[in-house]
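Visitor: Need coordinates for the following:
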Amino acid sequence: MTATSEDNYRRFLEGDQSGFDAIMEEFQQNLLYFLNGYVHNLSTAEDLAMDTFVEILMHRQRYRFQSSFKTYLFSIARHKAIDYLRREQRRASVTLEQIGEMSDGLPALEDQIIQTERLQTLRKGMEGLPDEYREVLYLLYIENLSYDDIARVMKKNKKQIDNLAYRARQSMRTALGREGIFDEEFS
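Guide: Predicted structure coming up:
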């Protein structure tokens, strides 16, 4: 039986450092991509991801197991990114090649190729979308969060997320169509 992120966090709270290590290993790459969607700079995203993990280390008792640990972690990361953007008031871009480098380490070569192609298709379609659309699509299709969890991360209600996801899918369908790309999830 595989330990859940909540189990790993409990181990960490009980003093087992390997619980925290497992959490970092599980979420580090996805957190980087998520944060990079905000700051558009891989180096800054790495710093914000580390800040997110430090936040968990420094404030161990804040997570109360009322939502999934993943939701809690991505909420912290989102706040870190927004705070950064408020301070910096600028954005830089990252190339698709740099993002592709982050996808190393998937279990099987065939799965890696399929997943990488799908992610590149999604990322290509999401490039021109408004930030909120990109964020909801990322959390929905790449992180596989529920609408309730996305609502918590984005600080919106479930109906707003439902509407936002609908509009984001419509925009994504249009963007992919312009590129001559077909993805059955958005048709």
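
Visitor: tell me which element the most centrally placed residue in the chain is part of?
Guide: Nearest to the mean C-alpha position of the chain, by C-alpha atoms, centre = their mean, lies residue 34 at 3.4 Å. Counting by DSSP states H and E, the element that carries residue 34 is helix 17-39.

Visitor: Enumerate the positions of that helix that are buried.
Guide: Neighbour counts over helix 17-39 (16 or more other C-beta atoms under 10 Å) mark 19-20, 22-23, 26-27, 30-39 as buried. Placement of C-beta: from N, CA and C, glycine included.

Visitor: got the domain boundaries for the protein?
Guide: By the assignment in automatic domain parsing, the chain contains the domains 1-102, 108-180.

Visitor: got CSV for those domains, with mean pLDDT too?
Guide: Formatted as CSV, the domains of the chain follow (pLDDT from 0 to 100):
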stretch, mean pLDDT
domain 1-102, 83
domain 108-180, 81
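
Visitor: picking that back up, by contact count, what packs against the helix holding residue 34?
Guide: Contacts defined by 3 or more C-beta pairs under 8 Å, 6 or more residues apart in numbering; DSSP states H and E place helix 17-39 against helix 5-13, helix 42-58, helix 69-88, helix 131-137.

Visitor: So which of those is the most surrounded?
Guide: Among the helices and strands packed on helix 17-39, helix 131-137 has the highest mean neighbour count (mean count of other C-beta atoms under 10 Å), at a mean of 20.

Visitor: Can you list the buried residues in the helix or strand that that helix is followed by?
Guide: Once the chain leaves helix 131-137, the next helix or strand it forms, by DSSP H and E, is helix 147-154. Applying a neighbour-count criterion of 16+ other C-beta under 10 Å, one finds 147, 149-154 buried in helix 147-154.

Visitor: Just send these back as JSON lines, with distance to residue 86 too.
Guide: As requested, these are arranged in JSON lines below (distance: C-beta to C-beta, whole Å):
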{"residue": "147", "distance to residue 86": "27"}
{"residue": "149", "distance to residue 86": "24"}
{"residue": "150", "distance to residue 86": "22"}
{"residue": "151", "distance to residue 86": "22"}
{"residue": "152", "distance to residue 86": "21"}
{"residue": "153", "distance to residue 86": "18"}
{"residue": "154", "distance to residue 86": "17"}
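
Visitor: Tell me the one of those nearest residue 77?
Guide: Nearest to residue 77 among these: residue 153, at 8.7 Å, using C-beta to C-beta.

Visitor: what about the helices and strands packed on helix 17-39, which gets the closest to residue 174?
Guide: helix 131-137 (11.1 Å).

Visitor: hmm, back to that, which one, of the helices and strands packed on helix 17-39, ends up nearest to residue 143?
Guide: helix 69-88 (7.0 Å).

Visitor: What is that closest one packed up against?
Guide: With contacts taken as 3+ C-beta pairs under 8 Å, 6+ apart, helix 69-88 sits against helix 5-13, helix 17-39, helix 42-58, helix 147-154.
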